[in-house]
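Undergrad: any chance you could fold what I've pasted below:
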Amino acid sequence: MYETKSYSILTPLVSILLVLGTIAILSFLFFPENGILAIKKRFNRIKNRVVIEDTLKFLFDNEYKSLASPMHAVAGSLNLSIDKVTRLIPKLESLGLINASDKNDIVLTEEGRSYALRVIRIHRIWERYLADETSVSEKDWHHKADKREHKMSLQEANELASKIGNPVVDPHGDPIPSSTGDIPDFIGIPMNDLKPGEVAKIIHIEDEPKTIYLQLLAQELFPGMELRMVENSPEKIIFEFNGEEMVLAPIFAANVTVKRRSSNKFKKDTKYLLSNVKRGGKVKIIGISPACRKQQKRRLMDLGIVPGTEVEVALESVSKKTRAYRILNTLIALREQHAAYIFVEPLTEEYVKQSL
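TA: Residues are numbered from 1 along each chain as shown. Modelled structure (predicted):
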């Protein structure tokens, strides 16, 4: 009797629990907004939009530089198989975004070009924001902007641009399309097209692929830097900047866009860097490198790093990677990488070694 009574009590409870469990599982799978299937569908929709927008960006960049866009180039740029690109192209055509009648040169329609410029504007404004208003590392600007461009609306980008002064170029030297979709014509040539003796100014540093971009960052190249070509061969590119010869592999130089100067007169103006001043050395600040970002430059100036200020190297760490500088009767600690942005004039020559 006891066992039968327990069974009769538990059976309805088990049934209720099973029903509730089934409802919970079905809700988890099929709930309209937060169910797993709805989330998966939303994720796939976002993923598809990202692929479409990245394709349009690639096609615009090639058109902008007067380069053809064959199908295999699209596949390589997006890291997709040819089969996937073959399925993608008709979809973009049906949306009226591209014309693929010539498989060796896929081109944007007016609607596709307008779409691409909106995405590019968002990307470059966000990069400018990261460079000037945050402490995000330079090597991460592009990656973070790549993610943001697919989430931010054009209106939000325009509002952000207004807050940071409506910049016209991104930190890599690329022009930012206007809010109406206007963009200056492409100018410049790859660095490895320069002839020995020619003088040029860097106007753009390509941030993809990242491995090459990191190498260019290590060479401390930046838009606005003026150089003179010394040697240009299939093996190496040698150019002069600020009194020192620098070497690049041609594959790296191809990712640096320059604008030839009308005159090949090149001022050999060797500067000194604060990072090369030894302990006990006294110098006068003459400027801050153009490679120093807006936010970093503002911080340095707040510390008294302005032209005309005298500085003494008071202390240095064992590794010599950090030094204490006496500025306006105050000790200021600076890392070597930050001191390397500061141009100085030696007041005690024996304490300074020529840099750059």
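Undergrad: tell me the phi and psi of Glu111?
TA: phi -70, psi -40 (degrees, to the nearest 10).
Undergrad: isn't it right next to Gly96, touching?
TA: Yes. Counting by C-beta atoms under 8 Å, Glu111 touches Gly96, with 5.4 Å between them. (Each C-beta comes from the backbone N, C-alpha and C, glycine too.)
Undergrad: mutual contacts of the two, please.
TA: When contacts are counted by C-beta atoms under 8 Å, 6 or more residues apart in numbering, the set common to Glu111 and Gly96 is empty.
Undergrad: low-confidence stretches in the stretch 251-356 of the chain?
TA: 267-271, 348-356 (pLDDT under 70).
Undergrad: can you show me the helices along the stretch 151-300 of the chain?
TA: Taking DSSP state H, counting those that start in this stretch, the helices of the stretch 151-300 of the chain run over residues 154-163, 210-218, 250-253, 294-302.
Undergrad: strands along the stretch 151-300 of the chain, start to end?
TA: Along the stretch 151-300 of the chain, the segments classed as strands by DSSP state E, counting those that start in this stretch run 189-190, 199-205, 226-232, 237-241, 244-248, 256-260, 272-273, 282-288.
Undergrad: got any ranges where this protein has weak pLDDT?
TA: Regions of the chain meeting the criterion pLDDT under 70 cover residues 1-10, 12-46, 267-271, 348-356.
Undergrad: that older thread, closest one to Ser317 among the strands of the stretch 151-300 of the chain?
TA: strand 272-273 (17.7 Å; C-beta to C-beta).
Undergrad: Thr322: how many residues sit nearby?
TA: Residues within reach of Thr322, counting by other C-beta atoms under 10 Å, total 16.
Undergrad: about what we covered before: CSV for the helices of the stretch 151-300 of the chain, including distance to Pro171?
TA: Shown next, in CSV, are the helices of the stretch 151-300 of the chain (distance: least, C-beta to C-beta, whole Å):
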stretch, distance to Pro171
helix 154-163, 14
helix 210-218, 12
helix 250-253, 19
helix 294-302, 9
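Undergrad: what's the most buried one of these?
TA: The highest average neighbour count among the helices of the stretch 151-300 of the chain, using mean count of other C-beta atoms under 10 Å, belongs to helix 250-253 at a mean of 17.
Undergrad: check which helices and strands that helix sits against.
TA: Secondary-structure packing of helix 250-253 (3 or more C-beta pairs under 8 Å, 6 or more residues apart in numbering; DSSP states H and E): helix 210-218, strand 237-241.
Undergrad: for Ala73, find the nearest of these.
TA: Comparing the helices and strands packed on helix 250-253 by C-beta to C-beta, helix 210-218 comes nearest, at 17.4 Å.
Undergrad: neighbours around the spatially closest residue to Ser289 that is not a sequence neighbour, how many?
TA: Among residues not flanking Ser289 along the chain, Tyr341 sits closest, at 4.5 Å (C-beta to C-beta, 6 or more residues apart in numbering). Neighbour count of Tyr341, defined by other C-beta under 10 Å: 22.
Undergrad: Tyr341 contacts Gln296, doesn't it?
TA: Yes. At 7.1 Å, Tyr341 counts as touching Gln296 under the criterion of C-beta under 8 Å.
Undergrad: rewinding a little: let me have the helices and strands packed on helix 250-253 in TSV, extended by distance to Asn255.
TA: As requested, the helices and strands packed on helix 250-253 are exported to TSV (distance: least, C-beta to C-beta, whole Å):
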stretch	distance to Asn255
helix 210-218	5
strand 237-241	12
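Undergrad: does the nearest residue to Glu312 once chain neighbours are set aside count as helix, strand or coil?
TA: Closest residue to Glu312 apart from its sequence neighbours, by C-beta to C-beta, 6+ apart: Arg326 at 4.3 Å. For Arg326, the assignment made with DSSP: H, G, I helix; E, B strand; the rest coil gives strand.
Undergrad: now Arg326: how far from Pro175?
TA: According to C-beta to C-beta, to the nearest Å, Arg326 stands 43 Å off from Pro175.
Undergrad: so those two - more neighbours on which side?
TA: Pro175 (20 against 15).
Undergrad: ok, the nearest residue to the more buried one once chain neighbours are set aside - how many residues close by?
TA: Sequence neighbours aside, Pro184 is the residue nearest to Pro175 in space, at 5.0 Å (criterion: C-beta to C-beta, 6+ apart). For Pro184, the number of neighbouring residues by other C-beta under 10 Å comes to 10.
Undergrad: next one: Ser81
TA: 10.
Undergrad: please tell me how far it sits from Ala75.
TA: 7 Å.
Undergrad: repeat for Ala333
TA: Distance, Ala333 to Ala75, by C-beta to C-beta: 50 Å.
Undergrad: which one's more surrounded, those two?
TA: Ala75 (17 against 13).
Undergrad: helix or strand: which one has the more buried one?
TA: helix 71-78 (DSSP states H and E).
Undergrad: I'd like to know which elements that helix is packed against.
TA: Using 3+ C-beta pairs under 8 Å, 6+ apart: helix 71-78 touches helix 36-64, helix 82-94.
Undergrad: for the ones you listed, which one sits closest to Lys278?
TA: helix 36-64 (46.4 Å).
Undergrad: who is Ile285 paired with across the strands?
TA: Residues in a beta bridge with Ile285, per DSSP bridges, are Val344.
Undergrad: settle this for me: it is touching Leu303, isn't it.
TA: No. Judged on C-beta under 8 Å, Ile285 makes no contact with Leu303 at a distance of 10.9 Å.
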